[in-house]
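Asker: coordinates only, sequence not included:
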């Protein structure tokens, strides 16, 4: 195989989005812009996805309702917000420059709102700013997640780039390599086991013949890396963790070297020849064991836990096939909508049982973070009509179907749901659960999400009481601008 780096893998999108500036930053010649078909619509550049064009700072934000005084910290969310795009035909949503949106809460006040691009070398140059120091390998403005870790704020990306550290006002500090111990790729979806004090990651890279399980211990260093052989260089966007196992999903979405050579924007394809498997890797050490399943696109883990000798995983999936690179549109394309499912891996009988928990279109499942890798009862998901329509759009033509906007709370013990319905065009992002101080019940706390307010043409930070989920929000914090639909975020409490 040709020695593809992330820069060649992503060169089509990078060159188009940066208008050739990447070559100027790293000293390499820019690749030719790939041919892409004409299309009438660009769903991931319009409506709720439309990028914002400036960074804002606002203080003492207006509030409807009352912010709980116990919420002291920052609500942050990352997402792609392309900067300097000349040709929308060469855009792909997942490759937009990362922008973090944040609201600072303290003592019942919304002290500030900020949105800031992650200053990779290419973003710094497009903004006319200096980039401090040498450009790191596989540099990219991380756009997928933002987490708090040992007093640091880290913007994350999968398949190559180092995390970028941000300060508490969302300014970019620089890349972060876990005290010099991270070698190679990282992930966008870490799992923190609060009881063990361990941060876990599954990393992939297009030139590897394996994926890597990485463990970062309480000292903040990568202390163990396990290489797991896999064929065809599959994409592994997320994984799951239990007290006993690391759960790995080997999907039929694989790297295509020919597409990379052509300069395709996203050189990953749906590969029907690549079987789908679920792997259980013992956390205590030992060989991984694989279980083959029918193909789907597994997008995000809610949580997982051990149940006797079996492993239970709750997650969102899309029906096969799923085209990460899209089919004429500027983002992913799915054969159907996402649903919430439960998979039970039974190692004794060597099988995987699947069950649909809720077939309504929904994404971005979240759980009480202290329960990661342990049994949970409640889940929180988001239904955004614009996202569902965009994922179903092929060749620039949206389907003639209507979808709604809502935040959903699932009681997985009773098999019931509560739906906080939102108006038309009020697109909701991922809802993060924040426990109340001294909470004794799993759902004693708040679900917090950015929601577009169509009356103002801007976003609100909506705070729902999780135990009164369908009621009026406890507070709506009115932001000065839009927050485009993006990816993942975190509540980072004050120390």
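Answerer: Looks like it arrived, so ask away. Small disclaimer: the values here were computed from a predicted structure and weren't measured. Numbering: from 1, shown residues only.

Asker: Residue 56 reaches residue 114, doesn't it?
Answerer: Yes: in this structure, residue 56 sits in contact with residue 114. The criterion is C-beta atoms under 8 Å, and the distance is 7.1 Å. Quick note: C-beta positions are derived from backbone N, CA and C, even for glycine.

Asker: Give me the more crowded residue out of these two.
Answerer: Counted by other C-beta atoms under 10 Å, residue 56 and residue 114 do not tie: residue 114 has more neighbours, with 19 against 15.

Asker: so the more buried one bridges to which residues?
Answerer: Partner residues in beta bridges with residue 114: residue 57, residue 102, with DSSP bridges as the criterion.

Asker: wait, it sits on residue 169?
Answerer: Yes: with contact defined as C-beta under 8 Å, residue 114 counts as touching residue 169 (6.4 Å).

Asker: pLDDT score assigned to residue 395?
Answerer: What the model reports for residue 395 is a pLDDT of 73.

Asker: burial of it, as a residue count?
Answerer: By other C-beta under 10 Å, neighbour count at residue 395 equals 14.

Asker: try the one 3 residues further on
Answerer: The criterion is other C-beta under 10 Å. On that basis, residue 398 has 16 neighbouring residues.

Asker: Ok, the one 10 residues further on next?
Answerer: As a burial measure, the neighbour count of residue 408 was computed by other C-beta under 10 Å and equals 23.

Asker: Remind me which helix or strand it belongs to.
Answerer: Secondary-structure assignment from DSSP states H and E places residue 408 in strand 405-411.

Asker: Which other helices and strands does that strand contact?
Answerer: Of the remaining helices and strands, those touching strand 405-411 by 3 or more C-beta pairs under 8 Å, 6 or more residues apart in numbering; DSSP states H and E are strand 351-358, strand 378-383, strand 416-422, strand 445-453.

Asker: Quick one: residues in contact with that strand.
Answerer: With C-beta atoms under 8 Å, 6 or more residues apart in numbering as the contact definition, strand 405-411 has outside contacts at 340, 357-358, 360, 362, 377-385, 416-428, 431, 443, 447, 449, 451, 464, 466, 469.

Asker: Show me just the buried residues among the residues you listed.
Answerer: The neighbour-count test (16 or more other C-beta atoms under 10 Å) applied to these identifies 340, 357-358, 360, 362, 378-385, 417-418, 420, 422, 426-428, 431, 443, 447, 449, 451, 464, 466, 469 as buried.

Asker: now for the longest strand anywhere in the chain, which elements pack on it?
Answerer: Using DSSP state E, we find that the single longest strand of the chain is strand 296-307. Under the contact criterion of 3+ C-beta pairs under 8 Å, 6+ apart, the helices and strands touching strand 296-307 comprise strand 240-241, strand 245-250, strand 310-319, strand 363-366.

Asker: among those, which is the most enclosed?
Answerer: For the helices and strands packed on strand 296-307, average neighbour numbers computed from mean count of other C-beta atoms under 10 Å are highest in strand 240-241, which has a mean of 28.

Asker: picking up where we left off before, so how far is the longest strand of the chain from its chain's centroid?
Answerer: The gap between the average C-alpha position of strand 296-307 and the chain average comes to 14 Å, counting by C-alpha atoms, centre = their mean, to the nearest Å.

Asker: So which bits of that strand are buried?
Answerer: Counting neighbours by 16+ other C-beta under 10 Å, one finds that the buried residues in strand 296-307 are 296-305.

Asker: hmm, which two among the residues you listed are most spread apart?
Answerer: Every pair in those was compared (C-beta to C-beta); the two farthest apart turn out to be 297 and 305, at 23.0 Å.

Asker: how about stretch 166-178: buried residues?
Answerer: 166, 170, 172, 175-176, 178.

Asker: Keep only those of the residues you listed that are in strands.
Answerer: Among the buried residues of stretch 166-178, the members found in strands (DSSP E) are 166, 172, 175.

Asker: Check the last one and give its pLDDT.
Answerer: At residue 175 the predicted local confidence, pLDDT, stands at 97.

Asker: pretty sure it contacts residue 164?
Answerer: Yes: when contacts are counted by C-beta under 8 Å, residue 175 is listed as touching residue 164 (5.9 Å).

Asker: ok so, going back, now the strand holding residue 408: buried residues?
Answerer: In strand 405-411, residues buried by neighbour count (16+ other C-beta under 10 Å) are 405-410.

Asker: Please apply the same query to stretch 384-404.
Answerer: Of the residues in stretch 384-404, 384-394, 396, 398, 403-404 count as buried by neighbour count, 16+ other C-beta under 10 Å.

Asker: for it, how far is the first residue from the last?
Answerer: Using C-alpha to C-alpha, to the nearest Å, the gap from the first to the last residue of stretch 384-404 comes to 7 Å.

Asker: next one: stretch 237-249
Answerer: Across stretch 237-249, the straight-line distance between its terminal residues is 9 Å, by C-alpha to C-alpha.

Asker: same thing with stretch 360-376?
Answerer: Taking C-alpha to C-alpha as the measure, stretch 360-376 stretches 21 Å from start to finish.

Asker: Give me the mean pLDDT for it.
Answerer: Along stretch 360-376, the predicted local confidence has a mean pLDDT of 98.

Asker: Show me the shaky parts of the stretch 1-150 of the chain.
Answerer: Per-residue confidence for the stretch 1-150 of the chain (pLDDT under 70) gives these ranges: 1-40.

Asker: how about the strands in it?
Answerer: Counting by DSSP state E, counting those that start in this stretch, the segments of the stretch 1-150 of the chain that form strands are 57-59, 63-65, 73-80, 98-106, 109-117, 145-149.

Asker: got it, and the stretch 201-350 of the chain?
Answerer: Secondary structure of the stretch 201-350 of the chain (DSSP E, counting those that start in this stretch): strands at 210-216, 222-229, 240-241, 245-250, 253-255, 268-270, 276-282, 289-293, 296-307, 310-319, 322-323, 333-334, 339-346.

Asker: Select, out of those, the one closest to residue 371.
Answerer: Set against residue 371 and scored by C-beta to C-beta, the strands of the stretch 201-350 of the chain come closest in strand 296-307, at 6.4 Å.

Asker: rewinding a little: any chance of a markdown table for the buried residues of strand 296-307, columns distance to residue 255?
Answerer: As requested, those are exported to a markdown table (distance: C-beta to C-beta, whole Å):
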| residue | distance to residue 255 |
| --- | --- |
| 296 | 19 |
| 297 | 16 |
| 298 | 17 |
| 299 | 18 |
| 300 | 21 |
| 301 | 22 |
| 302 | 27 |
| 303 | 29 |
| 304 | 26 |
| 305 | 32 |
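
Asker: Report the buried residues of stretch 223-238.
Answerer: Burial within stretch 223-238, assessed by neighbour count using 16+ other C-beta under 10 Å, is assigned to 226, 228, 230, 232-238.

Asker: Let me fix that, I meant to ask about stretch 255-266.
Answerer: Residues of stretch 255-266 classed as buried: 255-256, 259-260, 263-266 (neighbour count, 16+ other C-beta under 10 Å).
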